[in-house]
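Engineer: after the sequence you'll find the predicted model.
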Amino acid sequence: MLLQTLITGLSIGGIYALMAVGYSLVFSVLNFSNFAHGAVIMLGAYIGLGVVRFLAPALLPAVAIAMIGAGVLAVLNERLAYSLLRRRKAPSLYLMISAMGCAVLLENLVYATIGSRFYAYPEFFATSVVTLAGSTVSLLDLFAFIFSIGAIGGLHLFLTRTKTGIAIRAGVADMTMCSLMGVNLDRLIAVVFFLAGAFAGVAGIFLGIKYLVYPTMGWITNKAYIAAVIGGLGSLPGALIGGLILGIVETLVSTYISSVYRDLFSFGLLIALLLYLPNGLLGRETGEKV
Amino acid sequence: MNYILSIVTLACINMVAVLGVAVFTGFTGLFSLGHAAFVGIGAYTSAILTYYYDAPFAPSLVAGMIVAACVSLIIGIPTLKAKLRSDYFAIAILGFGEGLRVLLENLEITNGARGLPGIEPHTTLPAVLLALALSIWGVRNFLTSRWGSACIAIREDPVAAEMAGVNLFRTRLLSLLVSAALCGLSGGLLAHYLSFIQPVMFTLVQSTMLLATVIAGGMGSISGPLLASFIFIALPEALRVAQIWRLVAYGLVLVTIVVYRPQGLMGYTELPAVLRKVFAPGKSSAPFSTTPSSPRERSTEAVPKTAATPSPSCEGEKPPLLRLEHLTKNFGGIRAVDDLSLSVPEGAVYGIIGPNGAGKTTVFNLITRVYRPDEGVILFRERSLLGLAPDAIVHEGIARTFQNIRLFNRQSCLENVLTPLRQRAPYGVASAILHLPSVGRAERELKARAMELLTEMELAAYADAPAATLPYGLQRKLEIARALAMGPSLLLLDEPAAGMNPEETRALSAHIQEIHRRFSLTILVIEHHMDLIMRICSRIAVINFGALLAEGTPEEIRKDERVLEAYLGKGKSDHAA
């Protein structure tokens, strides 16, 4: 029973982690909470759905196109809603409010154009189940989990081994200095948003397969945000660990206490963390630009 | 007709909540993504009272306001005490609001997610208009009182506000209480108008819309957000646009305004003021066309030779006014202040000099509790200051200015000086909101006193000009005037002559001496202008690398070998000061 709970928790946590990475990536460079990330995840889910329905009913092309599409959307989002604020050196709060506006805008745009219908992905993984030490895992969950870990690992390699990755990490340390060293900041930030968007695209498809596709599905990512806060906003390993911890804890709460209070618990945890451990488990100290 | 009436009613109900968020966000500078929850609390409280307990309408509204305010304390006290980053604060309230919604969805008395149907439709348009008018009146009174000016001071500059005697925590909490109560009132009216409420009406989206309305209308304006609220609600209704497109527009407007016009529709002004300006264009305010030319001349003349030795008589056997003992402060691996001990005699003009980065400003920041010392004691009138909050230290009688001027920029010069004066105003919150006659009397006296201070500093001509529009030198003077308004016995001046030419510096020296005499102050001054220091100080401390290098009269310091070495290096000590 406990093992089963842990496995269920880990599989949810894997998706949380995948979504949390997007928050952390943007936060690490621009020092603000990009609440439009949830909307980009939702759009990624719709893009994947469109591919599956109208182009090719297979998972891989859907994932590829959703990653590219959501990545491009995220870059556009940055260009239109954040870049001016960034240049004006506005407080991070303003970027966050702008992001909130984007979330409301995008969500309702989908609502108004595509409609509020719930769509389902075809059953790529049927309902096949793998048995592990007496507990069952659905093939989808297992795949999502392995994919999440793999993708986050790949991102880590990108950030530590490539020229662009190293430039991004330099930008995290000191943006002004970085641009004085000859790094094109706009391009760098575009790369960061593209990466965050690409992760949003995958996360959207997994969410869509696991649950359904609908305009307000992005609000689930509030949970992913909480995961990012647990791990420490701006830390990629933190996003992974935070996602897994939140997944397990939530499953434990809903199994042993009450599923009703699962969300209450998560929001309480968010507030407590912001109050007493604002840098999370692995985050670095970040002051606010005033 | 009924249709139009219903739109107007809904718009006015929304305005009450918008008013609350305007106080919190526009005037106090705190952002919340959870105020819809307070609307929800008010709605459920009053609805449950009339629905289950047959309570009369008006008291149920008041109960909704009270409960919403009390609930806001639960999140307000810990988050405001912890001084969270402003975006973390907004997110914490978001979490709180969403948590409350989950609770409403699962409680029995709220009938869960299905909502409460069949609430008596008590709310009528006249009732709403009355509630709105009372709210506007109360908010206006609140904002023009000491509490409101404390809120605005915090919005403009929290550090400077503390130094003007404003308690950050209490003022912010009060602002939250007022805004939550107004949201609660709006909720009560809404519940009894729609006669049906459910938790999904009070979510993050509604909170974002409230915030969007205030930002779009103008931060620091009452009429702006009200106007925006009306436009947002009435216009789409009039155009018969579906709810969904309205939300699309909300999002679009929010992003556009934040990115392109952060000051919003009305900026920091009010509608009546703008209308007056439009209809009477001849009388533009141009305080600088009449710049008084006298102050400089007068002050230059007023440099008497006697000033060089300021009353040594008063430094007799009295205990020192301020004593620092073994003060130490580290920033990471850097020791900014190193085992520093000083004593400042009462009535002295005491100078602190030292090379850049010597830790002089850090000493000021330790005294005024911007930083907490790692070790050591700070005694003021032989009482330790270490247990006191920054605003309490100000009320003990220590006022300061800042190296990089920190004024309440958008406020007029008069308001800048009034804010600290008001922090001792003898009236309470309730009488301020009701604007009792005693408040008016107190305010008139304070204004007169503020004008006196401005006149004293030769700033009376600029009383109505926003502080940021003043030229640099006058901004420094205004900062001194604001510090004096605290009625201090010890004044800390941090590089008052920074950026001034020799002539201006001389004028300032004379001015400081005049203030010193007139207000019987003890002055502690940091400066790099040696002529100013040597002219006005009776004692000087030299600090280098955070530690005391030398201490003594100007004469002694002038001759001190170590000082010359620190400033000029070895062997070049022939031409000092």
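Structural biologist: Okay, I see it.
Engineer: in the strand or helix carrying B:Ile136, what's buried?
Structural biologist: Using DSSP states H and E, B:Ile136 falls within helix B:125-143. Buried residues in helix B:125-143, defined by neighbour count with 16 or more other CB atoms under 10 Å in any protein chain shown: B:Ala127, B:Val128, B:Ala131, B:Leu132, B:Ser135, B:Ile136, B:Gly138, B:Val139, B:Arg140, B:Asn141, B:Phe142, B:Leu143. Where C-beta positions appear, they are placed from N, C-alpha and C, glycine not excepted.
Engineer: gap between the residue nearest to B:Leu327 when sequence neighbours are not counted and chain A?
Structural biologist: Spatial nearest neighbour of B:Leu327, excluding adjacent residues (CB to CB, 6 or more residues apart in numbering or on different chains): B:Gly376 at 3.6 Å. From B:Gly376 over to chain A the distance is 25 Å, taken as CB to the nearest CB, to the nearest Å.
Engineer: pLDDT at B:Gly376, what is it?
Structural biologist: With respect to pLDDT, B:Gly376 has a value of 91.
Engineer: which of the three states applies to it?
Structural biologist: strand (DSSP: H, G, I helix; E, B strand; the rest coil).
Engineer: where does the chain dip in pLDDT?
Structural biologist: Just so you know, I chose chain A. A:125-127, A:133, A:284-290 (pLDDT under 70).
Engineer: please refer instead to chain B.
Structural biologist: Where chain B drops to pLDDT under 70, the residues are B:1, B:238-242, B:280-318, B:568-577.
Engineer: show me the domain layout of it.
Structural biologist: B:2-206, B:302-568 (automatic domain parsing).
Engineer: burial of B:Leu379, as a residue count?
Structural biologist: Counted by other CB atoms under 10 Å in any protein chain shown, the residues lying close to B:Leu379 total 17.
Engineer: likewise A:Ala173?
Structural biologist: 10.
Engineer: what's the spacing between it and B:Asp531?
Structural biologist: In this view, A:Ala173 and B:Asp531 are 43 Å apart by CB to CB, to the nearest Å.
Engineer: and among the domains of chain B, the most buried is which?
Structural biologist: Highest mean neighbour count of the domains of chain B: domain B:2-206, a mean of 22 (counted as mean count of other CB atoms under 10 Å in any protein chain shown).
Engineer: which of the buried residues of helix B:125-143 come close to chain A?
Structural biologist: Among the buried residues of helix B:125-143, no residue lies close to chain A (CB under 8 Å from any CB of the partner chain).
Engineer: in terms of helices and strands, where is B:Leu174?
Structural biologist: Using DSSP H and E, B:Leu174 sits in helix B:168-194.
Engineer: swap that for A:Val137, sorry
Structural biologist: Per DSSP H and E, the secondary structure element for A:Val137 is strand A:135-138.
Engineer: pick out the residue of the stretch 451-577 of chain B closest to chain A.
Structural biologist: Relative to chain A, the nearest point of the stretch 451-577 of chain B is B:Ala468 (16.4 Å; CB to the nearest CB).
Engineer: A:Ser148 versus that residue, what's the distance?
Structural biologist: Distance, B:Ala468 to A:Ser148, using CB to CB: 50 Å.
Engineer: tell me which stretches of the stretch 101-250 of chain A form helices.
Structural biologist: For the stretch 101-250 of chain A, helices defined by DSSP state H, counting those that start in this stretch occupy the ranges A:139-161, A:163-173, A:175-180, A:185-210, A:221-231, A:236-256.
Engineer: just give the nearest non-adjacent residue to the residue in the stretch 101-250 of chain A that chain B sits nearest to, would you?
Structural biologist: Nearest residue of the stretch 101-250 of chain A to chain B: A:Leu105, at 2.7 Å (CB to the nearest CB). Spatial nearest neighbour of A:Leu105, excluding adjacent residues (CB to CB, 6+ apart): B:Gly251 at 2.7 Å.
Engineer: how about the residues of the stretch 51-200 of chain A near chain B?
Structural biologist: A:80-81, A:84-85, A:90-94, A:96-98, A:100-109, A:111-112.
Engineer: give me the buried entries from those residues.
Structural biologist: Neighbour counting by 16+ other CB under 10 Å classes A:81, A:85, A:90-94, A:96-98, A:100-109, A:111-112 among these as buried.
Engineer: my read: A:Ser92 touches A:Asn34, true?
Structural biologist: No: shown here, A:Ser92 and A:Asn34 do not form a contact pair, counting by CB atoms under 8 Å, at 10.3 Å.
Engineer: buried stuff in the longest helix along chain A?
Structural biologist: Assignment by DSSP state H gives helix A:2-30 as the longest helix of chain A. Neighbour counts over helix A:2-30 (16+ other CB under 10 Å) mark A:4-30 as buried.
Engineer: is chain B contacted by it?
Structural biologist: No: in terms of CB under 8 Å from any CB, no part of helix A:2-30 sits within range of chain B; the closest distance is 10.1 Å.
Engineer: tell me what that helix is packed against?
Structural biologist: With contacts defined as 3 or more CB pairs under 8 Å, 6 or more residues apart in numbering or on different chains; DSSP states H and E, the packing partners of helix A:2-30 are helix A:37-50, strand A:135-138, helix A:139-161, helix A:163-173, helix A:185-210, helix A:221-231, helix A:236-256.
Engineer: tell me which element the closest residue to B:Met201 other than its chain neighbours falls in.
Structural biologist: Closest residue to B:Met201 apart from its sequence neighbours, by CB to CB, 6+ apart: B:Gly40 at 7.1 Å. Assigned by DSSP H and E, B:Gly40 belongs to helix B:35-53.
Engineer: CA atoms of that helix as CSV?
Structural biologist: Extracted in CSV, the C-alpha atoms of helix B:35-53 (Å, rounded to 0.1, in the frame of the first residue of the first chain):
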residue,chain,number,x,y,z
HIS,B,35,-8.5,39.9,-2.7
ALA,B,36,-11.4,38.1,-4.3
ALA,B,37,-11.3,35.7,-1.4
PHE,B,38,-12.2,38.6,0.9
VAL,B,39,-15.2,39.5,-1.3
GLY,B,40,-16.1,35.8,-1.0
ILE,B,41,-15.8,35.9,2.8
GLY,B,42,-18.0,38.9,3.0
ALA,B,43,-20.6,37.4,0.6
TYR,B,44,-20.8,34.1,2.5
THR,B,45,-20.8,35.7,5.9
SER,B,46,-23.7,38.1,5.2
ALA,B,47,-25.6,35.5,3.1
ILE,B,48,-25.4,32.8,5.8
LEU,B,49,-26.5,35.3,8.4
THR,B,50,-29.6,36.4,6.4
TYR,B,51,-30.3,32.9,5.0
TYR,B,52,-29.9,30.7,8.1
TYR,B,53,-30.4,33.2,10.9
